[in-house]
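In: Quick one, what's the 3D model for this:
(one chain, ligands or ions: 1)
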Amino acid sequence: MRAAPEFDAVVVGAGSVGNPTAYFLEREGLRTLVLDELSASGQGQNKAAIGGVRATHSDPAKITLCRQSLEIFSQWKETTGTDIGWKMGGYCFPAFTEKVETTLRGLLAIQKKFRLAIDWMDAEELQRVVPGLNGDGLRGGTFSPEDGQVSPLLAAESFTNEAVRLGAVYRYREPVTSLLMQGSEVVGVRTDKGEYRATTVVNASGVNASAICRMAGLDIPILPDSHEGGISAPVEPFLGPLIVDLRPGPEGKTINFYFGQDANGQIIFCYTPIAPISGTNRNSTYEFMPIVAARLVEVVPRLKNLTVRRVWRGLYPMTPDGSPIVGRAPNVEGFVLGIGMCGQGFMLGPGVGKNLAALVAHGQPTIDPDVFGLLSPGRNLQRGRTEALK
Ligand SMILES: Cc1cc2nc3c(=O)[nH]c(=O)nc-3n(C[C@H](O)[C@H](O)[C@H](O)COP(=O)(O)OP(=O)(O)OC[C@H]3O[C@@H](n4cnc5c(N)ncnc54)[C@H](O)[C@@H]3O)c2cc1C
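Out: Modelled structure (predicted):
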């Protein structure tokens, strides 16, 4: 007879997904160990996020999971007494070109079908929502008032503290080096300091997820793709929503640009490079700040005197089809995946964590299993790759 494992669940990674997963596992009454190779919680890609949280996607699984995340984030202070910088300022997608307007109106039809709080506004209305928004060529845009922002650092700390308060054990500077296997079943993990047996191992290791999957014989491609971000010194609060400008930049380097003002008054910003920058280099580039400055001042000219405090470069854990991989690993018992979050892992984290914990505890997610199944690790990722390239 096999000895009872020390833990019900081991979570690999104390990040955007791992921390909420540990919290919800403990809430299910499961003894949980979290291991991270770094020296504290949230020090992987979690702290690179600018903290945008929205349910206004077009994919049903992302919509449903992010709705749960919004519920969890927005009620966090009430639930735990801790302020994580939640700000319900909404998201605004202004349209300055006909092409962007057509895209946004197309998305709106799907979003309305899911009863998301989002509407089209004409230029004048939009300028009331975003004081100082450049009116040149502005055709209107969408506004979703129930989306918002959270501080990724405060959230990581608070999810960790709450998980620990419920009984979770966190061990830092302890990389998982292999999985303990019994046939095709994962029965625990090995680190550089020892072995831990568990009924379930959750892979929430972000950009390292492929390596952890390989330890169980699974070939799941998660590739790092780098993105830069930055934050200003605080200014008087005036900007409610996060703004996403879907125009490619005139400099020929950016596909889009997004920014907002956080709960402390700091302006936080990012863009998506036209050509993905693969790899793990996290050095800031010389071109990021000049490009951002031009785009920022073009959208909201009054930001021209902003003092920039800090820039950074982080990594998206990308999947071939651009969708996360969430659920039980195919053909491997005792192994659950919350990986491949791409550019939305912070906003997906609490929803994903809640559903993974329910899956481990009760064999079912909390949301409709068919919707959850859209992110299944067993889906044909290669077909997704072909479609994503079209
Ligand atoms: C500039 C920028 C802006 C972004 N803005 C947003 C945003 O506004 N909203 C949003 O939702 N997302 C945003 N993102 C994306 C978001 O940061 C990621 O999708 C998310 O953090 C991924 O979460 P994760 O839990 O998978 O990975 P992580 O948060 O990186 O957690 C994985 C953890 O696993 C640990 N680990 C890895 N390997 C091992 C091992 N072998 N043993 C032990 N531990 C291990 C790592 O140390 C890490 O702590 C942004 C990203 C960037 C770069």
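
In: Please state the backbone phi and psi of Gln261?
Out: The phi/psi pair for Gln261 (degrees, to the nearest 10) reads phi -110, psi 130.

In: Please read off the pLDDT at the closest residue in space to it that isn't next to it in sequence from the model.
Out: With sequence-adjacent residues excluded and distances taken as CB to CB, 6 or more residues apart in numbering, Gln261 is closest to Leu239, at 3.9 Å. All C-beta spots, glycine's among them, are computed from the backbone N, C-alpha and C. In this model, Leu239 is scored at 97, pLDDT.

In: For Leu239, grab the count of nearby residues.
Out: 24 (other CB atoms under 10 Å).

In: Kindly report the same for the one 3 residues further on.
Out: Using other CB under 10 Å, Leu242 has 27 neighbouring residues.

In: how far away is it from Gly13?
Out: 26 Å (CB to CB, to the nearest Å).

In: Contacts only, for Glu98.
Out: Arg139 (CB atoms under 8 Å, 6 or more residues apart in numbering).

In: and Pro273, bridged to which residues?
Out: Thr254 (DSSP bridges).

In: Isn't it up against Gly249?
Out: No: the pair Pro273 / Gly249 is not scored as a contact, 9.8 Å apart, by CB atoms under 8 Å.

In: Up against the ligand, what does the stretch 51-200 of the chain have?
Out: 51-52, 175-176 (CB under 6 Å from any ligand atom).

In: Could you report the neighbour count for whatever residue of the stretch 51-200 of the chain ends up closest to the ligand?
Out: Residue nearest to the ligand within the stretch 51-200 of the chain (CB to the nearest ligand atom): Gly52, separated by 3.3 Å. Gly52: 23 surrounding residues under other CB under 10 Å.

In: With Ile212 instead?
Out: Quick note: Ile212 (other CB under 10 Å) scores 25 neighbours.

In: Which helix or strand contains it?
Out: Assigned by DSSP states H and E, Ile212 falls within helix 209-214.

In: now that helix: mean pLDDT?
Out: Rounded mean pLDDT across helix 209-214 is 98.

In: related to what we said a few turns ago, the residue of the stretch 51-200 of the chain closest to the ligand contacts Leu242, correct?
Out: Yes: counting by CB under 8 Å, Leu242 is a contact partner of Gly52 at 5.0 Å.

In: which neighbours do those two share?
Out: By CB under 8 Å, 6+ apart, the residues touching both Gly52 and Leu242 are 91, 147, 149, 258, 260.

In: Can you pick out the most distant pair from those?
Out: Asp147 and Tyr258 (12.2 Å; CB to CB).

In: State which one residue of the stretch 1-150 of the chain is found closest to the ligand.
Out: Gly15 (1.8 Å).

In: Look up the closest residue to the residue most central in space within the chain, ignoring the ones flanking it.
Out: What sits nearest the mean C-alpha location of the chain, by CA atoms, centre = their mean, is Gly345, with 1.7 Å. Leaving out its chain neighbours, the residue that sits closest to Gly345 by CB to CB, 6+ apart is Ser16, at 4.3 Å.

In: show me what contacts that neighbour?
Out: Ser16 neighbours (CB under 8 Å, 6+ apart): 42, 45-46, 49, 152, 156, 206, 341, 345-346, 348-349.

In: can I get the residues of the stretch 51-200 of the chain next to the ligand in JSON lines with secondary structure, pLDDT and distance to Ala233?
Out: What follows is these, written out as JSON lines (DSSP: H, G, I helix; E, B strand; the rest coil; pLDDT from 0 to 100; distance: CB to CB, whole Å):
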{"residue": "Gly51", "secondary structure": "coil", "pLDDT": "98", "distance to Ala233": "17"}
{"residue": "Gly52", "secondary structure": "strand", "pLDDT": "98", "distance to Ala233": "20"}
{"residue": "Pro175", "secondary structure": "coil", "pLDDT": "98", "distance to Ala233": "36"}
{"residue": "Val176", "secondary structure": "strand", "pLDDT": "98", "distance to Ala233": "39"}
